[in-house]
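>>> below is the structure, and that's it, no one-letter string:
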């Protein structure tokens, strides 16, 4: 019996739950490989819907809409973690969906995520689930101050978390986060050397390929800059990739998995979060790799061979936030980038800039990573003053 997965024919339909910038770039990658896309998103003409072959305008938790998506598509994926699990399960009863709902259930809850990582031998920061004030008292003893209190669910870009520096700050912190949440997790506050991420793709055959790790710098809890290759030793780079592969295999991943890590000052890697989807820190792959993270996902979904993930040149990605529009009297002058060689602009089709909202990104390629970093920051500074 031949168990080799058959490639989906050109023209097959890929369903994408979520119509933001990640969905948009999935659509672009799918088109290049000859596949059609259908978006499920409640916002008409969302960034992904602008380019897709069809959009179902409905809430993510709409069971009828989920069934329609399943009926119309040959395979389904999603672009963010806060997807309604019941809807995913409904879809999975009719059509293949990757990564699996089981993996999403782990990654969209910080308690389940940390407990799963610990159970498979992956090092993480010290943590303790918080279900009551008694658990907080236990955390003070076992973890100590400062510590980070996070909601178990619905947190991204720094939302749903607060640093607690002393016992008298706890009650205020709880009140601040307890509005819509009942479960929390406390983690030790880590004075790390740098933050890294590795994106791993794994197909139905169980074959893995990782992209080069990115060194990530955050500003106001939002990714600001990704530097590739990271300014660390080759040994640590290799170890980070091995950890990502180990996690993907233990989870029986089919799809993409972004693994966010801390590198401690003692050169120890600790896994922080998982994201079973393309990741902001992987946008550099669009211009600096033979295969982008988005193309790799489409290849996995359609049973094509995994693409080559080699990095072609050092690259630095900088995010373009809505701040550039809000804080200046005129929109950014992107025309000036035309005169800047090896500079690649990607805008997301969003019509309403807001503070902290991701509107696009710029990839800058050079023969030297430090030169790419310097040039990328200079370009964004010029955009900010144009």
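Received it, and whenever you're ready, just let me know what you need. In this text, all values refer to a predicted model and were calculated from it rather than measured experimentally.

>>> from here on, just use CA atoms for contacts and neighbour counts.
OK.

>>> low-confidence ranges, the stretch 251-386 of the chain, go.
Scanning the stretch 251-386 of the chain for pLDDT under 70 picks out 386.

>>> residue ranges for the strands of it, please.
255-263, 269-275, 315-321, 343-347, 358-365 (DSSP state E, counting those that start in this stretch).

>>> one more: the stretch 101-250 of the chain?
Remark: strands assigned in the stretch 101-250 of the chain by DSSP E, counting those that start in this stretch are 127-130, 147-151, 161-164, 184-188, 194-202, 208-210, 214-219, 222-228.

>>> and those: which comes nearest residue 59?
Checking those against residue 59 by CA to CA gives strand 147-151 as the closest, at 23.5 Å.

>>> check the offset of that closest one from the chain's centre.
20 Å (CA atoms, centre = their mean, to the nearest Å).

>>> heads up, I number from 22, so please use that
Fine by me, first position is 22 from now on; the one you just mentioned is strand 168-172.

>>> strand partners of that strand, parallel vs antiparallel please.
Strand 168-172 pairs in its sheet with strand 182-185 (antiparallel), strand 205-209 (antiparallel), by DSSP bridges.

>>> which of the ones you listed is buried the deepest?
strand 205-209 (a mean of 25; mean count of other CA atoms under 10 Å).

>>> ok, and what's touching that strand?
Strand 205-209 is contacted by residues 131-132, 146-152, 160, 164-173 when judged by CA atoms under 8 Å, 6 or more residues apart in numbering.

>>> distance of residue 143 from residue 265?
10 Å (CA to CA, to the nearest Å).

>>> so the two - more neighbours on which side?
More crowded of residue 143 and residue 265, by other CA atoms under 10 Å: residue 265, with 27 against 17.

>>> so what's that one up against?
Taking CA under 8 Å, 6+ apart, one finds 219-221, 231, 278-280 in contact with residue 265.

>>> most neighbours, which of these?
Counting by other CA under 10 Å, top hit in these: residue 221 with 32 neighbours.

>>> separation between the nearest residue to it once chain neighbours are set aside and residue 260?
Leaving aside its chain neighbours, residue 221 sits nearest to residue 231 (4.2 Å; criterion: CA to CA, 6 or more residues apart in numbering). Relative to residue 260, residue 231 is positioned 12 Å away (CA to CA).

>>> contacting residues for residue 141?
Residues in contact with residue 141, defined by CA under 8 Å, 6+ apart, are 268, 271.

>>> rerun at 10 Å
267-268, 271-272 (CA atoms under 10 Å, 6 or more residues apart in numbering).

>>> now do the shared contacts for residue 143 and residue 265.
residue 292.

>>> list the buried residues of stretch 368-383.
Across stretch 368-383, burial judged by 16 or more other CA atoms under 10 Å covers 369-371, 377, 379-383.

>>> try stretch 355-362
residue 358.

>>> between the two ends of that stretch, how far is it?
So stretch 355-362: terminal residues 14 Å apart, CA to CA.
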